[in-house]
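# with the input below, show me the fold.
(one chain, ligands or ions: 1)
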Amino acid sequence: MATVSLIRTGNDLYRGLTGVIDGTGEEVVRAGDTVLIKPNLVEPKAADSGDITTPGLIEAVARYCLDRGAGRVIIGEGPSYYQPESDLRKCFTRTGVSRVAERLGIDWVLFDEHAYRTFRGVPDCPPEFRVTEYVFNCDCLINLPVLKTHFQTTVTLAMKNLKGCLKREDKPQFHRVNLAQAVVALNRIIRPTINIIDGTPEVIGSIGNTGRRRAGAGLLIASTDIVAADAVGCALMGIDPAEVDTVALGARAGLGESDLTRMTIVGEEVKCLEFRVALPREHLRQSFPGLEIIGAEQACSGCLIPLISSLRLLGESGKRLRKPFHVYVGEEPRGYGGEAYLRVGDCALGDDGEVPHAVSGCPPDTKTLLRRLAEAMVD
Ligand code: SF4
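Numbers count the residues shown, from 1 in each chain. Below is the predicted model of the structure:
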């Protein structure tokens, strides 16, 4: 039976981390191991944004490994496609993660600067894609995602965090197939030793989620069963795990347990800690009732992060749409027309090139996108 350890960290993060790992009953790190820590450093956001794994937790995990005699500890990540290639290192330097590595005398690596292994013909995946060699060359892989929601997949927890192991150029292709199925297929290839979900920030991150209320702070979830860890993460946020495709499909694929009644949860009780997050789609519907985003299922984060973040900013500043408005993104649109629409990103432009009602680019320029969306709104 799957075991999931759930604790409140209190003021001593290292002690909390040790406690949550001990709760799983597993010996995660052995003397001499090469350990890869894979956090979520999607963007160079603030440590307490809820959008990235907190550098404090990354440091605690690295110390834990060193204290248990790990031979080598590496912090590795391949940030979002949304970041221009020239900015990828900033996801380590601006977040303070590079300083964590310096303090501890360990390495941090941007996967994109190192070797990848090529996969072809994997069912449910793009025809060809590359996965960082680091995940195959370590003795222990510690998957360290953050507790947050997601516009497309409802949540982004341990299973989806492994998408950061793909080569940057291959990430958009995963959005052109069924994303949840592709994430599950990727989870068959990359098998973390343990998954520790960071619920320590006081806010729940997500692109487009303005439900930034104090909720679920100081929590850690750990399990060697990646599906079970995600299922508990969903339940904590008030989301039924059965309704989340990555979790349901992961269980069906035999990757783990999704039913909370069929797992052992040690430490805290989920029902005592659960809260309700505002999902990004719900929030957008409330802020902009006349807005329809068409093609989002095929769009990658390169378009979705600037689009949803811009809408969030405009909504928070009290802007409202002048009239019903359509945004086309992610694929060559059909049936667009009239005045009140915008095509976002080169995928939505097809072969049309520079045309009115469009923001070109792959990914599109955030400032231009914000300005064009604002033009469709009133105070
Ligand atoms: S145009 Fe947008 S959706 Fe298409 S690949 Fe580029 S960033 Fe992704």
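
# C-alpha from now on. contacts and neighbour counts both.
OK.

# residues near residue 49, how many?
By other CA atoms under 10 Å, 16 other residues sit near residue 49.

# doesn't it belong to a strand?
No - counting by DSSP: H, G, I helix; E, B strand; the rest coil, residue 49 is located in no strand; its state is coil.

# from the ligand, how far out is residue 243?
25 Å (CA to the nearest ligand atom, to the nearest Å).

# sorry, slip of the keys, the one I care about is residue 326.
Counting by CA to the nearest ligand atom, the gap from residue 326 to the ligand is 16 Å.

# quick one: contacts for that residue?
For residue 326, the contacting residues are 291, 292, 293, 294, 340, 341, 342, by CA atoms under 8 Å, 6 or more residues apart in numbering.

# ok, residue 187 touching residue 165?
No - counting by CA atoms under 8 Å, residue 187 stays clear of residue 165, with 10.8 Å between them.

# which positions in the protein make contact with the ligand?
Selection of the chain residues close to the ligand by CA under 6 Å from any ligand atom yields 172, 299, 300, 302, 303, 330, 345, 346, 347, 362, 363.

# from the ligand, how far off is the closest residue to residue 34 other than its chain neighbours?
Here the nearest residue to residue 34 in space, its sequence neighbours aside, is residue 72; by CA to CA, 6 or more residues apart in numbering that works out to 4.6 Å. To the ligand, residue 72 is 35 Å away according to CA to the nearest ligand atom.

# count of neighbours near residue 72?
19.

# same check, this time on residue 375
Residues contacting residue 375 under the criterion other CA under 10 Å number 11.

# just the pLDDT at it, thanks.
Among the per-residue scores, residue 375 holds a pLDDT of 93.

# how about the stretch 1-150 of the chain: which residue is closest to the ligand?
The minimum distance from the stretch 1-150 of the chain to the ligand, using CA to the nearest ligand atom, falls at residue 82 (6.7 Å).

# the nearest residue to that residue once chain neighbours are set aside: neighbouring residues, count only.
Nearest residue to residue 82, sequence neighbours excluded (CA to CA, 6+ apart): residue 302, at 3.8 Å. Per other CA under 10 Å, the neighbour tally for residue 302 reads 23.

# now swap in residue 89 and tell me
22.

# pretty sure it contacts residue 111?
No - contact criterion CA under 8 Å: residue 89 and residue 111 do not qualify, at 10.1 Å.

# wait, doesn't residue 369 sit right on residue 359?
Yes - the criterion here is CA under 8 Å, and residue 369 meets it with residue 359 at 6.3 Å.

# which neighbours do the two have in common?
Listed as contacting both residue 369 and residue 359 by CA under 8 Å, 6+ apart are residue 344.

# could you pull up phi and psi at residue 326?
When read as degrees, to the nearest 10, the backbone of residue 326 gives phi -110, psi 130.

# for residue 267, same thing?
phi 100, psi -120.

# need the contact list for it.
Counting by CA under 8 Å, 6+ apart, residue 267 makes contact with 5, 6, 7, 20, 23.

# wait, is the first one part of a strand?
What that stands for is residue 5. Yes - when three-state DSSP is applied, residue 5 is found to be in a strand.

# for residue 149, see how far away it is.
Using CA to CA, to the nearest Å, one obtains 21 Å as the distance from residue 5 to residue 149.

# again, but for residue 190
According to CA to CA, residue 190 and residue 149 sit 22 Å apart.

# name the residue closest to the centre of this protein, please.
Nearest residue to the geometric centre of the chain (CA atoms, centre = their mean): residue 156, 4.4 Å.

# thought that residue was touching residue 144?
No - in this structure, residue 156 is not within contact of residue 144 by CA under 8 Å, at 11.7 Å.

# what mean pLDDT does the helix ranked longest in the chain have?
The residue-count maximum for a helix in the chain (DSSP state H) belongs to helix 301-316. Mean pLDDT, helix 301-316: 89.

# tell me which residues in it are buried?
Residues of helix 301-316 classed as buried by neighbour count (16 or more other CA atoms under 10 Å): 301-312, 314-315.

# kindly report the same for stretch 99-107.
Across stretch 99-107, burial judged by 16+ other CA under 10 Å covers 99, 100, 101.

# so where's this protein shaky on pLDDT?
Low-confidence segments of the chain (pLDDT under 70): 205-216, 333-339, 353-354.

# ranges for the helices of the stretch 151-300 of the chain?
Along the stretch 151-300 of the chain, the stretches classed as helices by DSSP state H, counting those that start in this stretch are 158-161, 179-189, 226-236, 245-252, 270-273, 280-287.

# just name the most buried of these.
Most buried of the helices of the stretch 151-300 of the chain, by mean neighbour count (mean count of other CA atoms under 10 Å): helix 226-236, with a mean of 28.

# what does that helix rub up against?
Identification of contacts with helix 226-236 by CA under 8 Å, 6+ apart yields 2-4, 147, 155, 157-159, 192, 194-197, 216, 221-223, 240-241, 247, 250-251, 255-260, 263, 270-271, 273-276.

# distance between the ends of stretch 183-201?
25 Å.

# hmm, I typed the wrong one, I wanted stretch 293-308.
End-to-end distance of stretch 293-308 (CA to CA): 10 Å.

# domain-wise, how is the chain divided?
As given by automatic domain parsing, the domain ranges for the chain are 2-273, 288-378.

# of the ones you listed, which stretch is the most buried?
Mean neighbours per residue, mean count of other CA under 10 Å, is largest over those for domain 2-273, with a mean of 20.
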